[in-house]
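>>> one predicted model, sequence on top.
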Amino acid sequence: MERKVKTLEQFIIQKEQNFPYATGQFSKIIRDIVLPSRIINREVNKAGLVDILGLTGDTNIQGEQVQKLDLFANEAMIDSLFKGRMVCAIGSEENDDFIIKEGSTGKYIVLMDPLDGSSNIDVNVSIGTIFSVYRRKNMDGPLKKEDLLQKGVDQVAAGYILYGSSTMLVYTTGHGVNGFTLDPSIGEFLLSHPNMKFPDKCDTYSVNEGHYRNFFEGTKEYLRHIKRDSPKPYKSRYIGSLVADFHRNLLKGGIFMYPGTVEKPNGKLRLTFEANPMAFIAEQAGGYASTGLERILEIDPDTLHQRTPLFVGNKEEVLKLEGFIRKYGKTGETIIQS
Ligand code: AHM
Ligand code: MG
C-alpha cells in the first residue's frame, strides 16, 4: 500500500496556499529555525563521544576549543535567523539582553531557549530547543519595549524541537499543532503527528517532588488529592527536561508542574522563553497553562528573563489545580510546613 509522506516544506507550502496574501516571510522564519536545528541535532548526538572528542569547554585532540553545546546552539540559531533577514531582534535565555539587528527591516522578533535542559546532555537524556515568534507592533523607528516584550497571547508562532530517541519539531501558528519527525536518512522533517491534541484522559503528573516541603499549601493539597482521592493512582513521570516532559504529556495526557516555592515564589522557568511558547502550544492542542492563579498567556512581561510558576497540560486538570491554589490563597500567603 502506498503511504503518503508529507515533508515540512510541502506542509508549509500547502498552508501558505490557504492564505493568498501571505508574503512567505513568516514561513521563512520556521525554515530559518529548522535549518540550525538539524546542525544542533548532529552535535547533540555526538555528545556521548566527548571522552573521545574532548569535553565541551575543553580543548579537543586537534587542539581546537570545543564549544559548550548550549552556546553552540545559541550562535547557530542567531546566525541563521539574522541571515534570513525576517527577524529584527532576538531574545535568548543565553543572553542577558535582546540582540538587536541594526538596520534590519525584519518584522518579527524571536524569543528562544536554544538548548533547554542542557544539564541533561551528559547523561544522555532528551533536551530541546524552544522558540516563539512575535510581530513588531511599530514598524517605524527604533524598537520599543512594547515590540520586544509582548504578552504570550500575541505570539504568532511557537514550537520546540525535541532531541530524543528521534528528533521532532512540534509547532503552531495559531491554527492547531503539528508534529514532524526528522528522517535522518534524508535529512527531512516529515509530518508524523498532524493536528495534535491532548488526550481526554489525564493520569500523569510531572513535578520535581524533591521540593515538596517548600511548595505552597495549594500545590501540596493538589498533590495529596491526586494521590489520595483519584480512583486509580496517577503515574509520576518527571524527566527534568521541559520539552521532553511536556511532549510526553501532550501525547499521553498529563500535567507538568514547576511551582513556586518558599525560597523561589516564581519558580524556576522563564515566562518568555519557556512558559509562553509551551502555553501557546498547549492551548492550541486543547490544553491550558496557568501560574496557578492566572492564564500564562495573559501575563504582561516586565523583563526578558522574568520567571513564573508553570502548570501546563490537560485543561481540566490545570483548572482543577487552580481551584486548589485559589482555595489556599495567593501563592506565598499560606505556607504550612509538613
Ligand atoms: P535550563 O533552562 O537551565 O536548562 O533549566 C530548565 C529546565 C527545564 O527543562 C526543566 O523543566 C527544569 O529545568 C528542571 O528543573 P529541576 O532540575 O529543578 O527539576
Ligand atoms: Mg531553559
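Structure's in. What do you need? Ligands and ions are numbered 1, 2, ... in the order given.
>>> from now on I want contacts and neighbour counts done on CA atoms only, so please keep to that.
Noted.
>>> what is the rounded mean pLDDT of stretch 237-245?
For stretch 237-245, mean pLDDT rounds to 97.
>>> need the contact partners of it.
Residues from elsewhere that reach stretch 237-245, judged by CA atoms under 8 Å, 6 or more residues apart in numbering: 116-117, 120, 125-130, 160-162, 164, 204-208, 256.
>>> among these, which ones are buried?
Buried by 16 or more other CA atoms under 10 Å: 116-117, 125-130, 160-162, 164, 204-208, 256, out of these.
>>> now narrow those to whatever sits close to ligand 1.
D116, G117, N208 (CA under 6 Å from any ligand atom).
>>> among these, which one sits closest to P194?
Using CA to CA, D116 is the member of these that sits closest to P194, with 24.4 Å.
>>> ok, now which ones touch that closest one?
Taking CA under 8 Å, 6+ apart, one finds I127, G128, T129, I130, S241, L242, V243 in contact with D116.
>>> and what about the fourth one, helix, strand or coil?
I130 falls in the strand class when you classify it by DSSP: H, G, I helix; E, B strand; the rest coil.
>>> tell me how far the nearest residue in space to it that is not next to it in sequence lies from K315.
Excluding its sequence neighbours, the residue lying closest to I130 (CA to CA, 6 or more residues apart in numbering) is Y160, at 4.4 Å. Using CA to CA, to the nearest Å, we find Y160 at a distance of 20 Å from K315.
>>> helix or strand right after the lowest-mean-pLDDT helix or strand in the chain?
Lowest on mean pLDDT, DSSP states H and E among the helices and strands of the chain sits helix 50-53, with a mean of 58. Downstream of helix 50-53, the next assigned helix or strand under DSSP states H and E is helix 69-84.
>>> returning to that earlier point: and the contacts of D116, which is closest to N276?
I130 (10.0 Å).
>>> wait, the closest one touches G117, no?
No - applying CA atoms under 8 Å, one finds I130 not in contact with G117, separated by 10.6 Å.
>>> how about the helices in the stretch 201-338 of the chain?
All helices of the stretch 201-338 of the chain, identified by DSSP state H, counting those that start in this stretch, fall at 217-228, 242-252, 276-284, 315-327.
>>> closest one to ligand 1 among the ones you listed?
Ligand 1 sits nearest to helix 242-252 of all the helices of the stretch 201-338 of the chain, at 3.6 Å, using CA to the nearest ligand atom.
>>> and the closest one, C-alpha only, in PDB?
Backbone C-alpha positions of helix 242-252 (Å, rounded to 0.1, in the frame of the first residue of the first chain) are rendered in PDB as follows:
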ATOM      1  CA  LEU A 242      10.700  20.600  30.000                       C
ATOM      2  CA  VAL A 243      10.400  19.700  26.300                       C
ATOM      3  CA  ALA A 244      10.500  16.000  26.900                       C
ATOM      4  CA  ASP A 245       8.100  16.200  29.900                       C
ATOM      5  CA  PHE A 246       5.700  18.400  28.000                       C
ATOM      6  CA  HIS A 247       5.900  16.300  24.900                       C
ATOM      7  CA  ARG A 248       5.100  13.100  26.700                       C
ATOM      8  CA  ASN A 249       2.100  14.700  28.500                       C
ATOM      9  CA  LEU A 250       0.900  16.100  25.200                       C
ATOM     10  CA  LEU A 251       0.900  12.600  23.700                       C
ATOM     11  CA  LYS A 252      -0.300  10.600  26.700                       C
END
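>>> wait, does that helix contact ligand 1?
Yes - residues of helix 242-252 are located near ligand 1 by CA under 6 Å from any ligand atom, namely L242.
>>> can you redo the contacts of D116 as TSV with distance to S37?
As requested, the contacts of D116 are arranged in TSV below (distance: CA to CA, whole Å):
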residue	distance to S37
I127	12
G128	10
T129	8
I130	11
S241	17
L242	17
V243	14
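>>> can you list the residues of the chain near ligand 1?
So far as CA under 6 Å from any ligand atom goes, the chain lies against ligand 1 at D116, G117, S118, N208, G240, S241, L242.
>>> now, which of the residues you listed sits nearest Q306?
Among those, and counting by CA to CA, the member closest to Q306 is D116, at 16.0 Å.
>>> now do the phi/psi pair for that closest one.
phi -80, psi 140 (degrees, to the nearest 10).
>>> shift numbering so it begins at 884
Sure, I'll start counting at 884 from here, so that last one is D999.
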